[in-house]
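# Let's see this in three dimensions:
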Amino acid sequence: MNLEFNKNEDVMRRMISAMNKRLEKIHEGGGKARAEKEHEKGKLTARERIAMLIDKDSKTIEIGAFAGEGMYAEHGGCPAGGVVIVIGYVSGRQCVIVANDATVKAGAWFPITGKKNLRAQEIAMENRLPIIYLVDSAGVYLPMQDEIFPDKEHFGRIFRNNAIMSGMGIIQVSAIMGSCVAGGAYLPIMSDEALIVNKTGTIFLAGSYLVKAAIGEDIDNETLGGATTHCEISGVTDYKCENDESCLKEIRKIFSKIGDYDKAGFDRIKPTLPKKDPKEIYGIFPDSKEKPYDMLEIIHRLVDDSEFDEYKAGYGKSILCGLARIDGWAVGIVANQRKVVKSKKGEMQFGGVIYSDSADKAARFIMNCNQKKIPLVFMHDVTGFMVGSRSEHGGIIKDGAKMVNAMSNSVVPKFTIIIGNSYGAGNYAMCGKAYDPRLIVAWPTANIAVMGGAQAAKVLLQIQVASLKAKGEKITPEDEAKHLKLITERYESQTTPYYNAARLIVDAIIDPLDTRTWITMGIEAANHSPITKAYNVGVIQA
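Numbering: from 1, shown residues only. Predicted coordinates:
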């Protein structure tokens, strides 16, 4: 181990430690005092419910833990978007679990809550995974109703998806473990089965106060919409449970009797660990996003037996393509190479840039993986496509379009890991969020933006200076330096993985050592959904 390795390792460990501290705070939800209030009511918190529901010692991955971080400060914040979502195992069946966090504004829906719930349903629909809703919500957060209620991707879309999933044969089970009011009442009742907890669970279109105001009727919430009412009078719910624990056990019983599913048939053999130590990734990945490194060394520490069968190794060297196995699953990997390499003609190619030959190679490899029914894994550390007269005259736009077309039309599942830079059209070509990756995650070292901070800040500075000069203001070099610093800081704050995770542009920020877990659980989920479309890339110019 050399000094550079040790320095890199120290930086990465500090970044992961900082990430984990932020997660610890998020996991507290609305705080310990509010959690205690839930306990006093005889209720468990959202995370306690999930922990009791899932199979003991089984793997889980959490979607959107950082959702809402740094947002809604004027409303008191919304940790994890007020809802906890995991992919895990219940009675041996992989499923999506959605649990409202009643410690955060009584589980009310903020705009990010809606977006996060829709993401959970999207994952369930794409992968045909069963979904469990643990309902405990006061409904729409009224001060922001205009941003969560009326639009296409707002609150109502949840119930539309309930209906669509039902038509697709996707299992939905709901447990009413607290409040379930107004439009939100449709979610559990549009599920296949609904459970309700006695004395703490209630479901109605309008609570007792609104009923009094609307029609003058005096009635308490329990009589209006409690467990006894809906299990013995209305027949709205199917199972009456005495407490949270018995409710969760009943869900496990339901899932223990679910039949098997049709599989997509992705190839898997007995898993093996990488021969090269994955922990060495900490020291290999550089402490600065400008420094080169060999992406092959990262790949060798993620794949089984550290075996990577490289495709067209001597051609298009700024992108690595090849076949490997991750936890036994066959995968096709497309990764940006950051090492400085030489082309046949001898000129230097700087890593992270996509050249014409690299785009052409990647397009062909993506098509091959689709033909062979092999899931694709994209590993981002890309600054964009090569610019300049030589590239333009060589048809870089055409070759980039080939790659985007081949990737966009893929019928095999795609998984995106952003480990470093993810800039501009490079983000698009490497299956950014707009291109429907089944899961998309970032390492703490990721940066996502239309271009790098230094370049963008200089462009923005030129625009700002020109505007000030047009108004007759004099700009000194000192003024320019001051403006550049402010612009750079503001721009770069929007490129961090945390900014993007807060807005659900990525599903999670993960420790690099968890990359294999996310990919294997993602492919297992995707294996629930057989491929029904033929691969057709449409028009690609030669």
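
# List the beta-bridge partners for residue 380.
residue 418 (DSSP bridges).

# And for residue 428, nearest residue in space, chain neighbours not counted?
residue 404 (6.1 Å; C-beta to C-beta, 6 or more residues apart in numbering). The C-beta positions use only the backbone N, C-alpha and C, and glycine is treated the same way.

# which ones are touching that neighbour?
425, 428, 429 (C-beta atoms under 8 Å, 6 or more residues apart in numbering).

# any idea how far it lies from residue 333?
18 Å (C-beta to C-beta, to the nearest Å).

# residues making contact with whichever strand or helix holds residue 463?
For residue 463, the enclosing helix or strand under DSSP states H and E is helix 453-470. Under the contact criterion C-beta under 8 Å, 6+ apart, helix 453-470 has outside partners 447, 449, 450, 475, 480, 483, 484, 487, 488, 491, 492, 495.

# again, only using 6 Å
475, 483, 484, 487, 488, 491, 492 (C-beta atoms under 6 Å, 6 or more residues apart in numbering).

# Buried among these? Need that as a selection in PyMOL.
Selection of buried members from the contacts of helix 453-470 for PyMOL, criterion 16 or more other C-beta atoms under 10 Å:
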select buried, resi 483+484+487+488+491+492
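
# Out of the contacts of helix 453-470, which sit inside helices?
483, 484, 487, 488, 491, 492 (DSSP state H).

# what about the third one, distance to residue 436?
Think residue 487. 33 Å.

# The second one too?
For residue 484, the distance to residue 436 under the criterion C-beta to C-beta works out to 37 Å.

# So which helix or strand of the protein has the lowest pLDDT on average?
Ranked by mean pLDDT, DSSP states H and E, the weakest helix or strand in the chain is strand 348-349, scoring a mean of 54.

# C-terminal to that strand, what's the next element?
strand 353-354.

# And for residue 370, nearest residue in space, chain neighbours not counted?
In space, residue 370 is closest to residue 535, 4.0 Å off (C-beta to C-beta, 6+ apart).

# Let's verify that neighbour: helix, strand, or coil?
coil (DSSP: H, G, I helix; E, B strand; the rest coil).

# Could you give the number of residues near it?
16 (other C-beta atoms under 10 Å).

# right, and it touches residue 412 too?
No: if you go by C-beta atoms under 6 Å, residue 535 and residue 412 don't touch, sitting 8.1 Å apart.

# beta partners for residue 323?
Applying DSSP bridges to residue 323, the residues it is bridged with are residue 309, residue 332.

# For residue 502, see how far away it is.
35 Å.

# Also residue 508?
12 Å.

# Same check on residue 521?
23 Å.

# next one: residue 92
Taking C-beta to C-beta, one finds residue 92 at 34 Å from residue 502.

# quick one: the helices in the stretch 201-350 of the chain?
208-215, 221-225, 227-228, 244-256, 281-284, 295-299 (DSSP state H, counting those that start in this stretch).

# Flag the shaky bits of the stretch 1-150 of the chain, pLDDT-wise.
1 (pLDDT under 70).

# Now do the helices in it.
3-27, 32-40, 46-53, 111-127.

# outside of the first one, which residues touch it?
Taking C-beta under 6 Å, 6+ apart as the criterion, the residues outside helix 3-27 that touch it are 65, 79, 80, 282, 283, 286, 287, 444, 509, 511.

# switch to 10 Å and redo it
1-2, 31, 45, 47, 62, 65-69, 79-81, 84, 279-288, 291, 293, 443-445, 497-498, 501, 508-513 (C-beta atoms under 10 Å, 6 or more residues apart in numbering).

# Over to the second one?
Contacting residues not belonging to helix 32-40 are listed as 28-31, 43-48, 101-106, 136, 178, 200, 244 [C-beta under 10 Å, 6+ apart].

# Quick one: buried ones out of those?
Counted by 16+ other C-beta under 10 Å, the contacts of helix 32-40 give 29-30, 43-48, 101-106, 136, 178, 200, 244 as buried.

# In strands, which of the residues you listed fall?
Among the buried ones among the contacts of helix 32-40, the residues falling in strands (DSSP state E) are 136, 178.

# contacting residues for the closest residue in space to residue 529 that isn't next to it in sequence?
Once flanking residues are discounted, residue 529 sits nearest to residue 128: 4.3 Å by C-beta to C-beta, 6+ apart. Contact analysis of residue 128 by C-beta under 10 Å, 6+ apart lists 165, 168-171, 261-262, 264, 525-530.

# what's the answer for residue 92, then?
55, 58, 252, 255, 256, 258.

# ok, now residue 426?
336, 352-354, 380-385, 400, 432, 451.

# following the strand or helix carrying it, which helix or strand shows up next?
Residue 426 is part of helix 424-429, with elements assigned from DSSP H and E. Per DSSP H and E, the first helix or strand lying C-terminal to helix 424-429 is strand 439-442.

# Show me what that following strand is packed against.
With contacts defined as 3 or more C-beta pairs under 10 Å, 6 or more residues apart in numbering; DSSP states H and E, strand 439-442 has these neighbours: strand 61-63, helix 111-127, strand 376-382, strand 414-423, helix 497-502, strand 508-509, helix 515-526.

# Overlap in contacts, residue 535 and residue 412.
With C-beta under 10 Å, 6+ apart as the test, residue 535 and residue 412 both reach 366, 369, 370, 371, 373.

# so which of these would you say is closest to residue 239?
Nearest to residue 239 among those: residue 373, at 40.2 Å, using C-beta to C-beta.

# Please tell me how far the residue nearest to the closest one when sequence neighbours are not counted sits from residue 380.
Nearest non-adjacent residue to residue 373, counting by C-beta to C-beta, 6+ apart: residue 412, 6.1 Å away. Here residue 412 is placed at a distance of 18 Å from residue 380 (C-beta to C-beta).

# who's more crowded, the two?
residue 380 (28 against 22).

# ok, the more buried one touching residue 430?
Yes: in terms of C-beta atoms under 10 Å, residue 380 counts as a neighbour of residue 430; the distance is 5.1 Å.

# Buried ones in stretch 309-320, by neighbour count?
For stretch 309-320, by 16+ other C-beta under 10 Å, it's 311, 312, 316, 317, 318, 319, 320.

# Quick check: end-to-end length of it?
Start-to-end span of stretch 309-320 (C-alpha to C-alpha, to the nearest Å) is 10 Å.

# From residue 117, how far out is residue 173?
Counting by C-beta to C-beta, the gap from residue 173 to residue 117 is 16 Å.

# I should have written residue 469 there, sorry.
48 Å.

# again, but for residue 369
Counting by C-beta to C-beta - residue 369 and residue 117 are separated by 32 Å.

# swap in residue 512?
Residue 512 is 29 Å from residue 117, by C-beta to C-beta.

# And residue 169, by the same measure?
In terms of C-beta to C-beta, residue 169 sits 21 Å off from residue 117.

# that older thread, more neighbours: residue 469 and residue 117, which one.
More neighbours surround residue 117 than the other of residue 469 and residue 117, with 24 against 11 (other C-beta under 10 Å).
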